[in-house]
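[1] Output the structure for:
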Amino acid sequence: MGADHGEVPRQGAQPPAAPPATTAAPTATTAPAPTTIASTPEQDSGYIQSLNDRGITFANPDAAVYNGKLVCLNFRRA
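    You can find the predicted model right below:
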């Protein structure tokens, strides 16, 4: 059995304060990865058509294109 030191956790205790932010500019030497992959409407349409040809359909084709690009970005970063 552990010793009881009479410590009672305070309700509503605040977490420790975060350290102050630095004012130094970031020193990254590479450009950040793009947040999306550029495509033309024709490419997007072809992508959706290819999926439809395989029996994959979408209620929102724009969301399907976005999600497809997101998967590709994740593969690039891996």
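[2] What residues of whichever strand or helix holds residue 64 count as buried?
    In the assignment (DSSP states H and E), residue 64 maps to helix 61-77. In terms of neighbour count (16 or more other Cβ atoms under 10 Å), helix 61-77 has its buried residues at 61, 64-65, 68-69. Where C-beta positions appear, they are placed from N, C-alpha and C, glycine not excepted.
[3] Please identify which pair of the residues you listed lies farthest apart.
    By the measure Cβ to Cβ, 61 and 69 form the most distant pair in the buried residues of helix 61-77, at 12.7 Å.
[4] still on that earlier bit, CSV for the buried residues of helix 61-77, including pLDDT?
    Shown next, in CSV, are these (pLDDT from 0 to 100):
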residue, pLDDT
61, 96
64, 96
65, 96
68, 94
69, 96
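[5] Save those residues as TSV, and put in distance to residue 78 too.
    Below are those laid out as TSV (distance: Cβ to Cβ, whole Å):
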residue	distance to residue 78
61	26
64	21
65	21
68	16
69	15
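[6] I'd like to know which elements the helix holding residue 64 is packed against.
    Judged by 3 or more Cβ pairs under 8 Å, 6 or more residues apart in numbering; DSSP states H and E, helix 61-77 is in contact with helix 41-53.
[7] Please export the C-alpha coordinates of the helix it packs on as PDB.
    Provided in PDB are the C-alpha atoms of helix 41-53 (Å, rounded to 0.1, in the frame of the first residue of the first chain):
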ATOM      1  CA  PRO A  41     -11.500  20.400 -64.400                       C
ATOM      2  CA  GLU A  42     -10.900  17.900 -67.200                       C
ATOM      3  CA  GLN A  43      -8.500  15.900 -65.000                       C
ATOM      4  CA  ASP A  44     -10.900  16.000 -62.100                       C
ATOM      5  CA  SER A  45     -13.700  14.800 -64.400                       C
ATOM      6  CA  GLY A  46     -11.500  12.000 -65.800                       C
ATOM      7  CA  TYR A  47     -10.700  10.900 -62.200                       C
ATOM      8  CA  ILE A  48     -14.300  10.700 -61.300                       C
ATOM      9  CA  GLN A  49     -15.100   8.900 -64.500                       C
ATOM     10  CA  SER A  50     -12.400   6.300 -63.800                       C
ATOM     11  CA  LEU A  51     -13.800   5.700 -60.400                       C
ATOM     12  CA  ASN A  52     -17.400   5.400 -61.800                       C
ATOM     13  CA  ASP A  53     -16.100   2.900 -64.400                       C
END
